[in-house]
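K.L.:
predicted structure and sequence below. I'll ask about it afterward.
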Amino acid sequence: MRTAIYPGTFDPVTYGHLDILTRAKELFDEVTIAIAEDSEKKTLFTLEERKELLLEATKDMPNVKVCVFEGLTVEFARQCGALAILRGLRALSDFEYEFQLALMNKKLAPDIETIFLMTQSQFSFISSSAIKWAASLHAGVSDFIPPHVEEALMTKYVHLRIPSNSKD
Ligand code: COA
């Protein structure tokens, strides 16, 4: 079984993430989405909410699993028996951070590779933060996120009246 993990914060999942997953699931027998429990980011969605949004978004991808992990990504990759850590690259600006992370992970676990897929150009400028910011100001974000994620964002920003400065 050739397994990869796809770690991240996913606050929330976007079409950018789903594009990476759609392509990766053809390359691996199984891809496990690994939602970081102790991400340094202050999230809008709880861990459980992010997991639910991802489960719905990937319900038609039988070889994609959704898990939550804490601690080191490489340790979780080992627990899953994964060969690789999958990451999406959007722009040159992502490279330095990703390069550093990949080298650190390689040092910690020489047997696990980091594999990068280039994000498709139509998603290269989006991020979860940018989408949350736009949604908080009531801009249409349906080009970037699935309908159920847009609904969840609307619930936060319109019904619960969470202010836009909680976007981080
Ligand atoms: N298209 C569009 N946007 C994308 C994207 C794509 N293909 N891929 C990533 N992004 C966006 C995300 O939405 C996110 O946006 P945001 O910053 O506005 O939230 C941003 O790019 C990158 O986030 P993400 O991919 O979720 O990664 P992260 O930097 O939040 O998470 C971990 C990084 C969890 C992998 C990292 O912190 C980690 O490994 N933590 C565990 C501890 C560890 O092992 N540390 C390393 C060794 S010390």
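P.N.:
Okay, I see it. Numbering: from 1, shown residues only.
K.L.:
what segments of the chain are strands?
P.N.:
3-8, 30-36, 64-69, 84-89, 113-118 (DSSP state E).
K.L.:
kindly reformat those as a markdown table containing mean pLDDT and distance to the ligand.
P.N.:
C-beta coordinates here come from the backbone N, C-alpha and C atoms, glycine included. Listed next are the strands of the chain as a markdown table, based on pLDDT from 0 to 100; distance: least, Cβ to the nearest ligand atom, whole Å:
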| stretch | mean pLDDT | distance to the ligand |
| --- | --- | --- |
| strand 3-8 | 98 | 3 |
| strand 30-36 | 97 | 4 |
| strand 64-69 | 98 | 8 |
| strand 84-89 | 96 | 3 |
| strand 113-118 | 96 | 8 |
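K.L.:
reformat those strands as TSV; add mean neighbour count.
P.N.:
Putting the strands of the chain into TSV (neighbours: other Cβ atoms under 10 Å) gives the following:
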stretch	mean neighbour count
strand 3-8	23
strand 30-36	23
strand 64-69	18
strand 84-89	21
strand 113-118	16
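K.L.:
now these in JSON lines, with distance to R78?
P.N.:
Formatted as JSON lines, those follow (distance: least, Cβ to Cβ, whole Å):
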{"stretch": "strand 3-8", "distance to R78": "10"}
{"stretch": "strand 30-36", "distance to R78": "12"}
{"stretch": "strand 64-69", "distance to R78": "11"}
{"stretch": "strand 84-89", "distance to R78": "11"}
{"stretch": "strand 113-118", "distance to R78": "13"}
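K.L.:
of those, which is nearest E49?
P.N.:
strand 30-36 (10.4 Å; Cβ to Cβ).
K.L.:
who's the spatially closest residue to L55 that is not a sequence neighbour bridged to?
P.N.:
With sequence-adjacent residues excluded and distances taken as Cβ to Cβ, 6 or more residues apart in numbering, L55 is closest to V66, at 5.3 Å. According to DSSP bridges, the residues that bridge with V66 are I33.
K.L.:
perfect, that will be all.
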